[in-house]
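Novice: Any chance you could fold what I've pasted below:
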Amino acid sequence: MSTQPEKKEKKKTILGVLQGGMMNRMRQNMWLYHLVFINRTTTERTLIKVNNIITNSKLFTLDTESTSILHQPNKSSLIQIQIIQSEYSSIILIVEVCHLPSPDQPPFTLIKILFDLLFQPDKKIYIWGEIDELIKFTRYQLFTSNQIYLSRNINVQTKFKNYWSDTYLHQSASSSNDAVAFELHRWIDKRLTRQPFDIGLDPSLQHLNDKQMEYRQSLCNYAANDCDAIYQLIINTNIINEQDPDNTTSSITPTNYELEITTDDNDQINNQESPLPSINTSTNEPEHKQLSQEEKKKIHNRSCTIKQRRRYYQHEIIIKNIDKRFKIREIKDILKLKNISFFAVNISISSTTNKRKLYIGIRDPSKLSSYKIQTEGLFTRNHYEAFRREK
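Specialist: So this is what the prediction gives:
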């Protein structure tokens, strides 16, 4: 907890940076990002393009915004997702969760698919804080609380604090704004953080006058820059380069995570999607063309995949801190030997502790309690040593 004198000293230092003119000397090669709104006006064609880009990308940053309501909990309003495409270009999605299409419409399904593609073991998501901040967004039914832990979620705040303590021994910078001020020589006006982000920022949502347009543009810039600043910090400080030397491109070789889905003979899942042209959100684009049969089939297949995964993990056993040497196939064989009937097996790895968590989707919910007893003590270090001796 910073004392009052420390806070004043820190403020003086930041003001000194500002007054020194450093904030205006922006690097000429700063990242360029393309802004895409995701809401009830977003066309199916644009959503399909976005989903294909996410499928073929590996690096992302993520941020959220809420709206303050007097005497009530904050209202979750925006999810900002930055898709890192190259060293100097990216796409930032502004997902307006208060302005989503109806759940029975195809665009809503496509938005759910967007998050299903994002929360995958081969995706790295950089966030200032913990991914838990997305839990309050689950009420919008775009993803579940279990899904958000499937991706590799990296807390930039923790890594930056370590970097900062080693680099600046006599200064403190606990907030992302302080970090941006010192390292990037940029200033994000945090007064905007308490603004009503639920009003609908996309001009296509409603008719707006010039003043309303200008106000919403300032909120858009804030939300997008807040998200972009995370990756700017990573590049500028090189705080993650040691673990991921190729982080500046989206063509990283996927991390060797094992994710297998067991299917019945009559289950048909098609996850293959061919790349589509890059996004163009120009108002002149003929976005309202009818989808082709192939595109409709892709939507249907993805929808079936999401429903199937939710069905698989509706009743699950979660085992924490499993031994890293266990492979998916070995886990399945052990479960079968113990007559535990399951749909699917999945492993997630914590980006901060590197600990592994095992998810087992159970077929028969009536046996869940007995299965939990059967799996106690399984997949630990001792179990692995005994398992290897038996082999």
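Novice: contacts, neighbours, all on C-alpha from now
Specialist: Will do.
Novice: For the stretch 101-250 of the chain, just list every one of the strands.
Specialist: All strands of the stretch 101-250 of the chain, identified by DSSP state E, counting those that start in this stretch, fall at 124-127, 152-155.
Novice: Roughly how far does Gln195 sit from Phe115?
Specialist: Distance, Gln195 to Phe115, using Cα to Cα, to the nearest Å: 26 Å.
Novice: Show me where the stretch 101-250 of the chain has its helices.
Specialist: Ranges of helices within the stretch 101-250 of the chain are 106-118, 156-167, 176-179, 210-237, based on DSSP state H, counting those that start in this stretch.
Novice: Need the winner for burial among those helices.
Specialist: Comparing the helices of the stretch 101-250 of the chain by mean neighbour count (mean count of other Cα atoms under 10 Å), helix 106-118 ranks first with a mean of 22.
Novice: Need the contact partners of that one.
Specialist: Residues from elsewhere that reach helix 106-118 (Cα atoms under 8 Å, 6 or more residues apart in numbering): 38, 40, 42-44, 47-48, 50-51, 54-55, 100-103, 142-143, 147, 151, 299, 302-303, 306.
Novice: if we can go back for a sec, for Ser68, find the nearest of the helices of the stretch 101-250 of the chain.
Specialist: Comparison of those against Ser68 by Cα to Cα identifies helix 210-237 as nearest, at 14.4 Å.
Novice: Does anything pack onto that closest one? Which helices or strands?
Specialist: Secondary-structure packing of helix 210-237 (3 or more Cα pairs under 8 Å, 6 or more residues apart in numbering; DSSP states H and E): strand 59-69, strand 72-86, strand 124-127, helix 156-167.
Novice: out of those, which comes closest to Cys220?
Specialist: Of all the helices and strands packed on helix 210-237, strand 72-86 sits nearest to Cys220, with 10.0 Å by Cα to Cα.
Novice: if we can go back for a sec, would you format the helices of the stretch 101-250 of the chain as a markdown table with distance to Ile362 and mean pLDDT included?
Specialist: A markdown table is the format used below for the helices of the stretch 101-250 of the chain (distance: least, Cα to Cα, whole Å; pLDDT from 0 to 100):
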| stretch | distance to Ile362 | mean pLDDT |
| --- | --- | --- |
| helix 106-118 | 21 | 95 |
| helix 156-167 | 35 | 73 |
| helix 176-179 | 42 | 53 |
| helix 210-237 | 38 | 85 |
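Novice: Residue ranges of each domain in this protein, please.
Specialist: As given by automatic domain parsing, the domain ranges for the chain are 4-237, 259-276+287-390.
Novice: Would you mind finding the most buried of these?
Specialist: Most buried of the domains of the chain, by mean neighbour count (mean count of other Cα under 10 Å): domain 4-237, with a mean of 17.
Novice: So for Ile92, which of the helices of the stretch 101-250 of the chain sits nearest?
Specialist: Closest to Ile92 of the helices of the stretch 101-250 of the chain, according to Cα to Cα: helix 210-237, at 6.6 Å.
Novice: Can you check the pLDDT for Leu70?
Specialist: Note on Leu70: pLDDT of 83.
Novice: quick thing: my sequence starts at 111, can you match it?
Specialist: In the new numbering, first residue 111, that becomes Leu180.
Novice: Return the backbone torsion pair for it.
Specialist: Per-residue torsions, Leu180: phi -60, psi 130 (degrees, to the nearest 10).
Novice: Next, find the distance separating it from Pro306.
Specialist: Leu180 sits at a distance of 12 Å from Pro306 (criterion: Cα to Cα).
Novice: circling back to that earlier point, now render the strands of the stretch 211-360 of the chain as JSON lines, adding distance to Leu315 and mean pLDDT.
Specialist: Shown next, in JSON lines, are the strands of the stretch 211-360 of the chain (distance: least, Cα to Cα, whole Å; pLDDT from 0 to 100):
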{"stretch": "strand 234-237", "distance to Leu315": "28", "mean pLDDT": "93"}
{"stretch": "strand 262-265", "distance to Leu315": "32", "mean pLDDT": "91"}
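Novice: Turn these into a markdown table, columns for distance to Cys330.
Specialist: Formatted as a markdown table, those follow (distance: least, Cα to Cα, whole Å):
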| stretch | distance to Cys330 |
| --- | --- |
| strand 234-237 | 19 |
| strand 262-265 | 24 |
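Novice: between those strands, which gets nearest to Pro313?
Specialist: Set against Pro313 and scored by Cα to Cα, the strands of the stretch 211-360 of the chain come closest in strand 234-237, at 27.5 Å.
Novice: Packing partners of that closest one?
Specialist: Using 3+ Cα pairs under 8 Å, 6+ apart, strand 234-237 sits against strand 169-179, strand 262-265, helix 266-277, helix 320-347.
Novice: Report the backbone C-alpha coordinates of the shortest one in PDB.
Specialist: What follows is strand 262-265, C-alpha atoms only, in PDB (Å, rounded to 0.1, in the frame of the first residue of the first chain):
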ATOM      1  CA  ARG A 262      -2.800 -19.400 -22.100                       C
ATOM      2  CA  ASN A 263      -3.600 -16.300 -20.100                       C
ATOM      3  CA  ILE A 264      -0.600 -14.200 -19.200                       C
ATOM      4  CA  ASN A 265      -0.800 -11.600 -16.500                       C
END
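Novice: for that strand, packing partners?
Specialist: strand 234-237.
Novice: Only alpha carbons, please: show the strand it packs on as CSV.
Specialist: Only the C-alpha atoms of strand 234-237 are listed here, as CSV (Å, rounded to 0.1, in the frame of the first residue of the first chain):
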residue,chain,number,x,y,z
LYS,A,234,-1.9,-16.7,-25.8
ILE,A,235,-3.9,-13.9,-24.2
TYR,A,236,-2.1,-11.0,-22.5
ILE,A,237,-4.1,-9.2,-19.9
